[in-house]
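Okay, predicted coordinates and the sequence, questions at the end:
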Amino acid sequence: MTGRRIVLTDLLPPPLEGAVCARWTVDVWTSDVPEMRAEGVQVCRTCPALAACREWVLSIPRTERVGVIAGTDWSPKAGRPVKAAK
């Protein structure tokens, strides 16, 4: 096996001060329903931790990014990632 070995702690987000997602149901981040994930994308737009979250998610392998994280829908069912409107 070559390359960097991924361990679970590499995939966990760091503590994100004021993260809005901590107060929402997990369904908007991981639902099979695209409209629910779209709600999660919109919630991310208002989050004071968005920049730190985006920095973290971009540091993990793309194949490990699942659901809505940092204003982007990384779900395989979403086709291409859907970024939050600016």
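Cool, got the structure.

lowest-pLDDT helix or strand in the protein?
Of all regular secondary-structure elements in the chain, judged by mean pLDDT, DSSP states H and E, the least confident is helix 8-11 with a mean of 48.

Excluding sequence neighbours, find me the nearest residue to residue 36.
Distances taken as CB to CB, 6 or more residues apart in numbering place residue 28 nearest to residue 36, at 5.3 Å, with adjacent residues excluded. No exception for glycine: its C-beta is placed from N, CA and C like everyone else's.

Tell me who's in contact with that neighbour.
Residues near residue 28 by CB atoms under 8 Å, 6 or more residues apart in numbering: 36, 37, 39, 40, 43, 68.

Please, which helix or strand holds it?
Taking DSSP states H and E as the criterion, residue 28 maps to helix 27-30.

Centroid-nearest residue for this structure?
The structure's the chain has its C-alpha centroid closest to residue 69; by CA atoms, centre = their mean the separation is 1.1 Å.

so who does that residue touch?
Applying CB under 8 Å, 6+ apart, one finds that residue 69 lies in contact with 29, 53, 57.

Quickly note the distance from residue 62 to residue 41.
Separation of residue 62 from residue 41 (CB to CB, to the nearest Å) stands at 17 Å.

ok, these two, which is more surrounded?
residue 41 (22 against 9; other CB atoms under 10 Å).

Render the CA-only coordinates of whichever strand or helix holds that one in CSV, please.
Residue 41 belongs to helix 34-45 when elements are defined using DSSP H and E. Output for helix 34-45, consisting of C-alpha atoms alone and laid out as CSV, is shown next (Å, rounded to 0.1, in the frame of the first residue of the first chain):
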residue,chain,number,x,y,z
PRO,A,34,-32.1,16.6,-2.2
GLU,A,35,-34.4,19.3,-1.0
MET,A,36,-33.4,18.6,2.6
ARG,A,37,-29.7,18.7,1.8
ALA,A,38,-30.4,22.0,0.0
GLU,A,39,-31.8,23.4,3.2
GLY,A,40,-28.5,22.3,4.9
VAL,A,41,-26.5,24.2,2.3
GLN,A,42,-28.5,27.3,3.0
VAL,A,43,-28.0,27.0,6.7
CYS,A,44,-24.2,26.8,6.2
ARG,A,45,-24.4,30.2,4.5
